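J.: The sequence and its predicted three-dimensional model are supplied below.
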Amino acid sequence: MTEWDTLRVPHDLMDELEKFLESSVAKKTGFTSKTQATTTAMREFLQKYSKRFEHVNTYEDKVRILDNNIGKRGDIVTVQFKGKIAFCDYCESNNCIHVKYCWEIPQVAEVLKKRGLKLLD
Ligand SMILES: [Zn+2]
């Protein structure tokens, strides 16, 4: 069961939200309550400002990255370096956002360079 907290918000902002909930846009998008709209807004805010990627660890031939945008609470993605090409198991790609993120981690970029890998455009 979900537990709830109470928040105080400015009256004028709440008035705007109530007006919005009566609009056709709200009906079209399925927003029916202040709680539902506010919860959605907070989730989107947190997703926008939370760090998407975290470097979990590096092995001889792979890097593990936590991607907070996968699933409800994020998931681990593995990028392998086989031969001269980095390959993301999750995207099944050698040019996805996870492969690009590997190059943004200084100690990983160094390993990739040493192994002769290059970042694809
Ligand atoms: Zn990927």
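T.: Received the coordinates, thanks.
J.: Okay, domains of this protein per the record?
T.: The chain breaks down by automatic domain parsing into domains covering 11-49, 53-114.
J.: Would you mind measuring the gap between the ends of the shortest one?
T.: For domain 11-49, the separation between the terminal residues is 26 Å (CA to CA, to the nearest Å).
J.: Return the residues of the protein in contact with the ion.
T.: Selection of the chain residues close to the ion by CB under 5 Å from the ion yields 88, 90, 91, 96, 98. (Each C-beta comes from the backbone N, C-alpha and C, glycine too.)
J.: Can you name the residues that contact the third one?
T.: So the one you mean is residue 91. Shown in contact with residue 91 (CB atoms under 8 Å, 6 or more residues apart in numbering): 77, 97, 98.
J.: Show me which of those are buried.
T.: 77, 98 (16 or more other CB atoms under 10 Å).
J.: Now residue 54: closest residue in space, sequence neighbours ignored.
T.: residue 66 (4.3 Å; CB to CB, 6 or more residues apart in numbering).
J.: hang on, the one you found packs against residue 78?
T.: No: contact criterion CB atoms under 8 Å: residue 66 and residue 78 do not qualify, at 11.0 Å.
J.: Cross the residues of the chain next to the ion against helices and list the overlap.
T.: Mapping the residues of the chain next to the ion onto helices (DSSP state H) picks out residue 98.
J.: Check which residues of the longest helix along the chain are buried.
T.: Using DSSP H, we find that the single longest helix of the chain is helix 34-49. Judged by neighbour count (16+ other CB under 10 Å), helix 34-49 contains these buried residues: residue 37.
J.: ok, residues contacting that helix?
T.: Against helix 34-49 from outside (CB under 8 Å, 6+ apart): 7, 14, 17, 18, 20, 21, 26, 31, 68, 69.
J.: filter the residues you listed to the buried ones?
T.: Neighbour-count burial (16+ other CB under 10 Å) applied to these gives 17, 21, 26, 31.
J.: mind listing the strands for the protein?
T.: Applying DSSP state E to the chain gives strands spanning 53-58, 62-67, 75-82, 85-88.
J.: Ok, which of those comes nearest residue 119?
T.: strand 85-88 (8.3 Å; CB to CB).
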